[in-house]
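Visitor: no sequence for this one, just the structure:
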């Protein structure tokens, strides 16, 4: 190769390296979170303030998050939002980085009921910050019900054959167990069902199948199912109720008399993240009272930072039950670690595959 | 004729490619299928045949496989019933517009699979185009629910997607039939039906077999159509594999199912190639 050729090659390499380094100048924060947690209404301000780009992927279920983290793609994400069912496993498996709480001034404002929980504490270190919490309510099309439903049993009503939807997630297993009364006397039993109880749950869910039009796996999917009048009742998240209300769809939401399960979502920084500093700033931003109010506006979830209430209308405070949190939480059994998660998944898979 | 170096240069890269991107992953998958999963959800590298035993004993797995084959068989049949007449018409009566018509059949292949699947959703839904029309002309009082989120929707969508795959090889085999054979048949007094069944169809069998293999194998492994349009009882074997590799984090069992599918598909390809050879006329 003569000198001129070498010079040309060098120039090309230089240009490639230069563009590559330019591309690196705007850091990107990759999120793997629940839908609604990366809405531009609040993420944009963070991007502008920190000259970075926030790019979000959505998870369809807690198990999907775990599978992605365990399957070796943990390095692709900086921030994750595991719920109370898998947060402990994530921390235990060293998939998340421990947090230096001194860097999070807003942490002290968070509800003490949430920060006191042992969920994300391992060996005296804290691996996540509580972010949002809420129930898995019964959502229904008010045009289809003359009397608002008050029991999960409405999903099993033969009248609604092919008219309901459930989440493609273990939550549906918990719900069936609640309908069968396995949560009495101890709600924690939902997450520790025996083999006999799981068999009963499976039978109960197989009875539900004729009524299921489609199992939803993303929030947007359930919103569409209601909007297109494919279903009239489903187990969902307050996010869908919020989305449907925004488009003036006649939607109702209730916590049935059997009570329901719920979740406390935590924000964590992955152990493999290259942007831990920026990620920490993002976590702090997300638990500040003002951001928490904005997240609530999008999702309809209850903020972990009670000071968010000062930015809300009295109506909003009442709808979120921020004025009677203790009474409200009596109806919600927060997801816990499920020691036999594989067995639960097996049952759920068998229900899905059954004809 | 060619130098040793040249022969090496043209054979090594494709072989390396196949070894690296095809054989190695399959081998890894094969290994995984003999491992197991611990209660703490980690993969244990202890060799056993538990996964294969589970496939035979737990009925949902082989039932889902049978159901997938049944769906694939129907898709194959309908794709052939649509693809053959289309190819026949184009090959014998296409005339000067042959190329244009050929392009029209191919165009759907340029559109993303997902877009086509979602298009069917808007056509078949309760509020969809078809149901609205049926109610408008009073053919139906209520929206027909079986149209969407049902095995019907899966078969319809897959047939739509894989018909071009059956059309192409059939068209190619029809194009290769020497036209003087057809003329000779007419000259010897055969009716058009006799000409078709005694001359044209037997000569096009290799194309039909190739097309049928495409449609069957591709639809057997499909998971998007059942996911988007299948509803609660329309799931296929690939959906089970996806969920085992994903949510359930049971890679070993997922690998065992995948390996069984692989064996099935390879056996099918082998049989269909043998049959094609038997029926080819050159």
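Guide: Noted; the coordinates are in hand. Keep in mind that this is a model prediction, so the values were computed, not measured. Residues are numbered from 1 along each chain as shown, chains lettered A, B, ... in the order given.
Visitor: just give the nearest non-adjacent residue to residue B:29, would you?
Guide: residue B:255 (4.7 Å; CB to CB, 6 or more residues apart in numbering or on different chains). For glycine as for every other residue, the C-beta is placed from the backbone atoms N, C-alpha and C.
Visitor: list the contacts of the one you found.
Guide: By CB atoms under 8 Å, 6 or more residues apart in numbering or on different chains, the contact set of residue B:255 is B:29-30, B:32-33, B:51.
Visitor: now, of the residues you listed, which are buried?
Guide: B:29, B:32-33, B:51 (16 or more other CB atoms under 10 Å in any protein chain shown).
Visitor: what's the closest of those to residue B:19?
Guide: residue B:29 (14.9 Å; CB to CB).
Visitor: my guess is the closest one meets residue B:261, correct?
Guide: No. Using CB atoms under 8 Å, residue B:29 makes no contact with residue B:261, being 10.6 Å away.
Visitor: surely residue B:54 and residue B:61 touch.
Guide: Yes. Using CB under 8 Å, residue B:54 is in contact with residue B:61, at 7.3 Å.
Visitor: what number of residues lie near the residue of chain B found nearest chain A?
Guide: Residue nearest to chain A within chain B: residue B:247 (3.7 Å; CB to the nearest CB). As a burial measure, residue B:247 scores 24 neighbours (other CB atoms under 10 Å in any protein chain shown).
Visitor: repeat that for the one 5 residues further on.
Guide: Counted by other CB under 10 Å, the residues lying close to residue B:252 total 22.
Visitor: what helix or strand is it located in?
Guide: Using DSSP states H and E, residue B:252 sits within helix B:251-279.
Visitor: give the buried residues for that helix.
Guide: B:251-261, B:264-265, B:272, B:275-276, B:279.
Visitor: next one: stretch B:20-32
Guide: B:29, B:32.
Visitor: quick check: mean pLDDT across it?
Guide: Averaging pLDDT along stretch B:20-32 yields 93.
Visitor: now stretch A:237-249
Guide: Mean pLDDT, stretch A:237-249: 92.
Visitor: that one near chain B anywhere?
Guide: No. If you take CB under 8 Å from any CB of the partner chain as the test, stretch A:237-249 misses chain B, and the best it gets is 12.5 Å.
Visitor: got a list of contacts for that stretch?
Guide: Contacts for stretch A:237-249 (CB under 8 Å, 6+ apart): A:35-36, A:134-137, A:139, A:141, A:219-220, A:222-223, A:226-227, A:251, A:253, A:298-301.
Visitor: tell me the mean pLDDT for the helix holding residue B:252?
Guide: Averaged across helix B:251-279, the pLDDT comes to 92.
Visitor: do stretch A:132-147 as well
Guide: Mean predicted lDDT for stretch A:132-147 stands at 94.
Visitor: what's the span of it, first residue to last?
Guide: 31 Å (CA to CA, to the nearest Å).
Visitor: now do the buried residues in that stretch.
Guide: So for stretch A:132-147, counting by 16+ other CB under 10 Å, buried means A:132-141.
Visitor: now, among those residues, which is nearest to chain B?
Guide: residue A:141 (12.1 Å).
Visitor: point out where the chain drops to low pLDDT.
Guide: Using chain A. A:1-25, A:355 (pLDDT under 70).
Visitor: I was thinking of chain B, sorry if that wasn't clear
Guide: Ranges of chain B meeting pLDDT under 70: B:1, B:40, B:281-282.
Visitor: reformat the buried residues of stretch A:132-147 as JSON lines; add distance to chain B and secondary structure.
Guide: Listed next are the buried residues of stretch A:132-147 as JSON lines, based on distance: CB to the nearest CB, whole Å; DSSP: H, G, I helix; E, B strand; the rest coil:
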{"residue": "A:132", "distance to chain B": "22", "secondary structure": "strand"}
{"residue": "A:133", "distance to chain B": "23", "secondary structure": "strand"}
{"residue": "A:134", "distance to chain B": "22", "secondary structure": "strand"}
{"residue": "A:135", "distance to chain B": "22", "secondary structure": "strand"}
{"residue": "A:136", "distance to chain B": "17", "secondary structure": "coil"}
{"residue": "A:137", "distance to chain B": "21", "secondary structure": "coil"}
{"residue": "A:138", "distance to chain B": "19", "secondary structure": "strand"}
{"residue": "A:139", "distance to chain B": "18", "secondary structure": "strand"}
{"residue": "A:140", "distance to chain B": "16", "secondary structure": "strand"}
{"residue": "A:141", "distance to chain B": "12", "secondary structure": "strand"}
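Visitor: name the helix or strand for the residue in chain A that chain B sits nearest to, please.
Guide: Chain B sits closest to residue A:63 of chain A, with a gap of 3.7 Å, by CB to the nearest CB. Here residue A:63 sits within helix A:62-68, counting by DSSP H and E.
Visitor: grab the longest helix from chain B for me.
Guide: Of all segments of type helix in chain B, defined using DSSP state H, the longest is helix B:59-93.
Visitor: how near is the closest residue to residue A:271 other than its chain neighbours to residue A:266?
Guide: Leaving aside its sequence neighbours, residue A:271 sits nearest to residue A:97 (CB to CB, 6+ apart; 4.8 Å). To residue A:266, residue A:97 is 13 Å away according to CB to CB, to the nearest Å.
Visitor: could you do residue A:142 as well?
Guide: Shown here: residue A:142 relative to residue A:266, a distance of 33 Å by CB to CB.
Visitor: quick check: residues of the stretch 201-350 of chain A near chain B?
Guide: A:209, A:212-215, A:228-230, A:340-342, A:345-346, A:349-350.
Visitor: which of the residues you listed sits closest to residue A:283?
Guide: residue A:341 (26.4 Å).
Visitor: run a quick neighbour tally on that closest one.
Guide: Residues near residue A:341, counting by other CB under 10 Å: 23.
Visitor: try residue A:280
Guide: With other CB under 10 Å as criterion, residue A:280 counts 20.
Visitor: state the distance from the nearest residue to it once chain neighbours are set aside to residue B:92.
Guide: The shortest distance from residue A:280 to any non-neighbouring residue, by CB to CB, 6+ apart, is to residue A:103 (5.3 Å). Using CB to CB, we find residue A:103 at a distance of 76 Å from residue B:92.
Visitor: kindly report the same for residue B:227.
Guide: With CB to CB as the criterion, residue B:227 and residue B:92 are 40 Å apart.
Visitor: higher neighbour count, the two?
Guide: residue B:227 (19 against 15).
Visitor: ok, the more buried one touching residue B:239?
Guide: Yes. At 6.1 Å, residue B:227 counts as touching residue B:239 under the criterion of CB under 8 Å.
Visitor: got a list of what residue A:35 touches?
Guide: Going by CB under 8 Å, 6+ apart, residue A:35 touches A:58, A:218-220, A:239.
Visitor: for PyMOL, what selects the buried ones among those?
Guide: Selecting only the buried entries of the contacts of residue A:35 in PyMOL, with 16+ other CB under 10 Å as the criterion:
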select buried, chain A and resi 58+218+219+239
